[in-house]
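> quick one: sequence and predicted model below, then my questions.
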Amino acid sequence: VCVPAGEADGDEAFARLCGGLEEAFRGGHVADWSTTDWLCTKAIGPAAARPANAGNRAGVRRVLGWSHLDHASSPLWLRRAGHVSFLNHIDDSIFYDGFAGELVAACEAASAGSSERFAHTGAGWVLRGCLPVDRAAVAACLERLTPWISLEGLRSALQRSTDKALAARLEKMLRSPVPTSSAPPPPPVPAPTRGGGASLGGAPSPLPSSSSRAAGSGVKGKAAA
């Protein structure tokens, strides 16, 4: 997928680049945030923003469309690339009127319904850049995302905002517990028994009463002190 910049110019060449990248993501060759973000900011975004490609709505929307893919059947990193690719090119004048609004929608699509940490951090990162361009659209998007977005993602999106009231209101709307990862919770630690070991059922063994201790020790009458 590494080609000289000029060889990705034009509708057909850019489509081939997108096709190769999609195969790389789906094949598991790109499977971490670092590689994904490098490709997005150093290759995909700059190629899309080149004068030969910026007016190609179909090509730009093909990349944005990655963020709208079904969460269950598409890689997280491909969906992240659909919006992070445009992190340094958030400007309608580069592409076409209404592009920034479509980018906000891509962030929302990738984050909504997801419990993946990097779905929310990617969306928050790009929405932070969209905020100065269309504050109302970003605020509305974040409000709709409050059932899913993590506190980390929300704070990233609002990092440069001076509207403390907006931040406070949205944080109060977040559902608890806030999803930050799809990893299963750790297993419960078995409670210790009186002798310091773990009971088989994970619950503490009942301590004997003072009378039973006395009976067991052979002391009659009052329990031993």
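All right, it came through fine.
> neighbours of Phe86, how many?
Number of residues near Phe86 (other Cβ atoms under 10 Å) recorded here: 30. The way it works is simple: take the backbone N, C-alpha and C, and place the C-beta from them, glycine included.
> Val126 now?
Val126: 28 surrounding residues under other Cβ under 10 Å.
> any idea which helix or strand carries it?
Taking DSSP states H and E as the criterion, Val126 maps to helix 117-130.
> for Arg50, which non-adjacent residue is closest in space?
Asp9 (6.1 Å; Cβ to Cβ, 6 or more residues apart in numbering).
> any idea how far that neighbour is from Arg16?
The spacing between Asp9 and Arg16, counted by Cβ to Cβ, to the nearest Å, is 11 Å.
> just Gly113 next, same as before
According to Cβ to Cβ, Gly113 stands 32 Å off from Arg16.
> swap in Arg160?
37 Å.
> repeat for Val63
Relative to Arg16, and taking Cβ to Cβ, Val63 is found at 13 Å.
> same drill for these two, tell me which one is more crowded.
Of the pair Val63 and Arg16, Val63 is the one with more neighbours under other Cβ under 10 Å, namely 24 against 15.
> thought the more buried one was touching Cys40?
No. In this structure, Val63 is not within contact of Cys40 by Cβ atoms under 8 Å, at 9.3 Å.
> let me see the ranges of the helices in this structure.
Using DSSP state H, the helices found in the chain span residues 11-26, 33-39, 45-49, 51-54, 57-66, 76-84, 99-111, 117-130, 135-145, 151-157, 164-173, 210-217.
> can you say which of those helices is packed in most?
Of all the helices of the chain, helix 76-84 has the most neighbours on average by mean count of other Cβ atoms under 10 Å, namely a mean of 26.
> which strands or helices does that helix pack on?
Here helix 76-84 touches helix 11-26, helix 33-39, helix 57-66, helix 99-111, helix 117-130, going by 3 or more Cβ pairs under 8 Å, 6 or more residues apart in numbering; DSSP states H and E.
> from Glu108, how far off is the residue most central in space within the chain?
In the chain, the C-alpha nearest the mean C-alpha coordinate belongs to Ala119, at 2.1 Å (Cα atoms, centre = their mean). Remark: distance between Ala119 and Glu108 (Cβ to Cβ) = 11 Å.
> excluding chain neighbours, what is closest to Arg57?
Using Cβ to Cβ, 6+ apart and skipping residues adjacent in sequence, the residue nearest Arg57 is Tyr96, 5.9 Å away.
> show me the contacts for the one you found.
Counting by Cβ atoms under 8 Å, 6 or more residues apart in numbering, Tyr96 makes contact with Gly55, Arg57, Val60.
> export those residues to TSV and append columns for distance to Leu127 and pLDDT.
Shown next, in TSV, are the contacts of Tyr96 (distance: Cβ to Cβ, whole Å; pLDDT from 0 to 100):
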residue	distance to Leu127	pLDDT
Gly55	25	86
Arg57	22	92
Val60	18	96
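> which among those residues gets closest to His29?
Distance to His29 across the contacts of Tyr96 (Cβ to Cβ) is lowest for Val60, with 23.5 Å.
> give the contact list for Trp33.
Trp33 touches Trp77, Arg80, Phe118, Thr121, Gly122, counting by Cβ under 8 Å, 6+ apart.
> for Asp9, same thing?
Asp9 sits next to Arg50, Ala52, Asn53 when contact means Cβ under 8 Å, 6+ apart.
> the first one and Ala8 touch, don't they?
Yes. Between Arg50 and Ala8 a contact is recorded at 7.5 Å, counting by Cβ under 8 Å.
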